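[1] I'll drop the sequence and a predicted model, then ask my questions.
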Amino acid sequence: MSAAQPAFRLLHITDPHLHAHPESRMRGVVTYDTFRAVVERAMADRLPPDVIVATGDLVQDETRTGYERFRDVLAPLNTPVLCIPGNHDAPNIMAGVLSSAPFQVNGSLQANGWSLIMLSSFVRGDDGGRLSKAELDRLQAELRAHPKLHTLICLHHHPVPMGSRWLDGVALRHAGEFFDIVDATPQVRGILWGHVHQASDRHRDGVRLMSSPSTCSQFRPNSDDFAIDARPPGFRWIDLHRDGTIESEVVWLE
């Protein structure tokens, strides 16, 4: 890619599970510490991203203070932060705290020949997710509005099986409705999600499918029963090129 047409660079962070108290632990780690460590490593790793994408479970205890901690770590970077809720989030509190620039909850962003569509799969009282009719209609409308833009769709819940019986029980429900839209829309280049606390990268009918590690602890891949992996916190870089290709790398805090 020439210097005149640089890639559109995304930093994907997901599932920080922050709390009101900064020293709160979850599954053996202080989530506020690991979140800050991930952000610090990412900012030192390479050139700053054009956009930060945060795909849910930002806060574990549904507190305003938890979202304020998230905001206060990222706001000084002066980089757009696109957020969606996960099953542990409180969407109304989240939207209230992250209501002004550089933050955006849900919606979409168009830049550098790409459209980023942020979908909420939050369902109250369900650790699994679903895209409501309104969200599916919005997805179709966004795709129809920008037919010439390469598109990356971001959501919290995984729309394809991960190979873990327990985890696939809390996946995106009725994912066929989602893929009916994706399969009918040739500009979709990638789908990105969180929730699964593990990295994966594959293709489905020419569409790149990616999940990223949590900024705290990870789930053991391919485990039928709930199990914590030994892998450390992590994050993902994504370079979106103007020709529609995607380059990506996962970074672990070894």
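    Received, thanks.
[2] For Asp15, which residues are in contact?
    By Cβ atoms under 8 Å, 6 or more residues apart in numbering, the residues touching Asp15 are Thr55, Gly56, Asp57, Gly86, Gly194, His195, His197, Ser214, Thr215, Cys216. C-beta coordinates here come from the backbone N, C-alpha and C atoms, glycine included.
[3] The nearest residue to it once chain neighbours are set aside - how many residues pack around it?
    Spatial nearest neighbour of Asp15, excluding adjacent residues (Cβ to Cβ, 6 or more residues apart in numbering): Ser214 at 3.8 Å. By other Cβ atoms under 10 Å, 30 other residues sit near Ser214.
[4] Quick check: the gap between Ser214 and Thr31.
    For Ser214, the distance to Thr31 (Cβ to Cβ, to the nearest Å) stands at 9 Å.
[5] again with Met43
    Look at Met43 and Thr31: by Cβ to Cβ, they are 19 Å apart.
[6] higher neighbour count, those two?
    Set side by side, Met43 and Thr31 show more neighbours around Thr31, with 27 against 14, by other Cβ under 10 Å.
[7] Check which residues of stretch 218-225 are buried.
    Gln218, Phe219, Arg220, Pro221, Ser223 (16 or more other Cβ atoms under 10 Å).
[8] Geometric centre of the protein: which residue is closest?
    Nearest residue to the geometric centre of the chain (Cα atoms, centre = their mean): Thr55, 2.6 Å.
[9] Show me what it is bridged to.
    Ile84 (DSSP bridges).
[10] I figured it hits Pro16, correct?
    No - counting by Cβ atoms under 8 Å, Thr55 does not reach Pro16; the two are 10.6 Å apart.
[11] Quick one: distance of stretch 173-192 to the chain centre.
    Stretch 173-192 sits 16 Å away from the centroid of its parent chain (Cα atoms, centre = their mean, to the nearest Å).
[12] try stretch 181-199
    Distance, stretch centre to chain centre, for stretch 181-199: 10 Å (Cα atoms, centre = their mean).
[13] Going forward, count from 50.
    Done: numbering now begins at 50, and the last item shifts to stretch 230-248.
[14] any low-confidence regions in the chain?
    50-53 (pLDDT under 70).
[15] Which residue ranges of it form helices?
    Taking DSSP state H as the test, the helices found in the chain are 80-94, 113-123, 140-146, 182-194, 214-217, 224-232.
[16] Nearest to Gly156 among these would be which one?
    helix 182-194 (9.0 Å; Cβ to Cβ).
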